[in-house]
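> build me a structure from this.
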Amino acid sequence: MIGNSQVKDNKIDLLVQQYEQFTILEEESIDSGFTRFNTIITSFKALDEGFSSKNYVRKFLRDLHPKWRAKVTAIKESKDLSSLALDELIGNLKVHEVVMEKDSEIYRGKTEKLKSIALKAKKESSDDETSTSRSDDEEYDMVVKNLKKFFRRKGKFVRQPREEKNSFRQRDEKKGMSDQKCFRYGDPNNLIGDCPKPSRNKIKRLQWMVSWS
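All right, here's what the predicted structure looks like:
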């Protein structure tokens, strides 16, 4: 008799531990969670033990996943938990679960649609950039090709005629001579090209011409 009592107490202790640790997972349905919860309750009844219906209701609400927080708050505000039956609570939660699943499907559909639109816009943008880059490269290649044709046709440099080059050279030499300083008659600021005083050879030539006149 004492042995049977000890076994019973051990079973009760184990059920209490399971009851206290009970929780409903995020992706777990209300049916699945309630099946596990009801197994513990049934085991308590088999041992003539257990808690009140009010305790069961509060325990189940308390152990729902946080995604149910809004619904739990609504139930607490609209229902008298002390008189609310566990079966009624489960039925209420299952109805709301269907609504949540439909909302989740709509949300997933909108999310997938937005992702598709974003990917399409990104692809079109990438195609436009590739097309623009290709157009720029083609335009650059065409300009380079036209320049090469022009230089082949005209030559890179225009050669000056030999006589014109000699003329330029003579003019530059004369300019160089005329830009040299003239130190005749003690005036260091005079340039040969601008000197108003005749040279000694020019004077002699004039004197010779006068003597023959």
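> hey, where'd the strands end up in the chain?
Per DSSP state E, the chain carries strands over the ranges 181-182, 190-191.
> can you list the domains in the chain?
With automatic domain parsing serving as the domain definition, the record reports that the chain contains domains spanning 2-105, 173-212.
> pull the longest helix from the chain.
Taking DSSP state H as the assignment, the helix of the chain that covers the most residues is helix 86-154.
> just for the chain, where's the confidence low?
When residues are selected by pLDDT under 70, those of the chain lie in 1-3, 127-137, 140, 144, 147, 150-151, 153-213.
> if we go to 80?
In the predicted model of the chain, residues 1-3, 107-116, 118-213 satisfy pLDDT under 80.
> how much space separates Glu49 from Gln18?
Glu49 is 13 Å from Gln18, where distance means C-beta to C-beta, to the nearest Å. In short, each C-beta sits where N, CA and C put it, glycine included.
> oh, that last question was meant for Ser83, not what I typed.
In this structure, Ser83 and Gln18 are 27 Å apart, going by C-beta to C-beta.
> same question for Tyr107.
Tyr107 sits 35 Å away from Gln18, taking C-beta to C-beta as the criterion.
> same drill for those two, tell me which one is more crowded.
The residue with more neighbours, out of Tyr107 and Gln18, is Gln18; 15 against 10, by other C-beta atoms under 10 Å.
> excluding its backbone neighbours, what's nearest that one?
Taking C-beta to C-beta, 6 or more residues apart in numbering as the measure, Gln18 lies nearest to Ile40, with 5.4 Å between them; neighbours along the chain are not counted.
> residues near the one you found, how many?
Close neighbours of Ile40, defined as other C-beta under 10 Å, add up to 16.
> Trp68: neighbour count?
19.
> ok so, going back, can you tell me how far the residue nearest to Gln18 is from Phe22?
7 Å.
> same check, this time on Lys123
Lys123 sits 50 Å away from Phe22, going by C-beta to C-beta.
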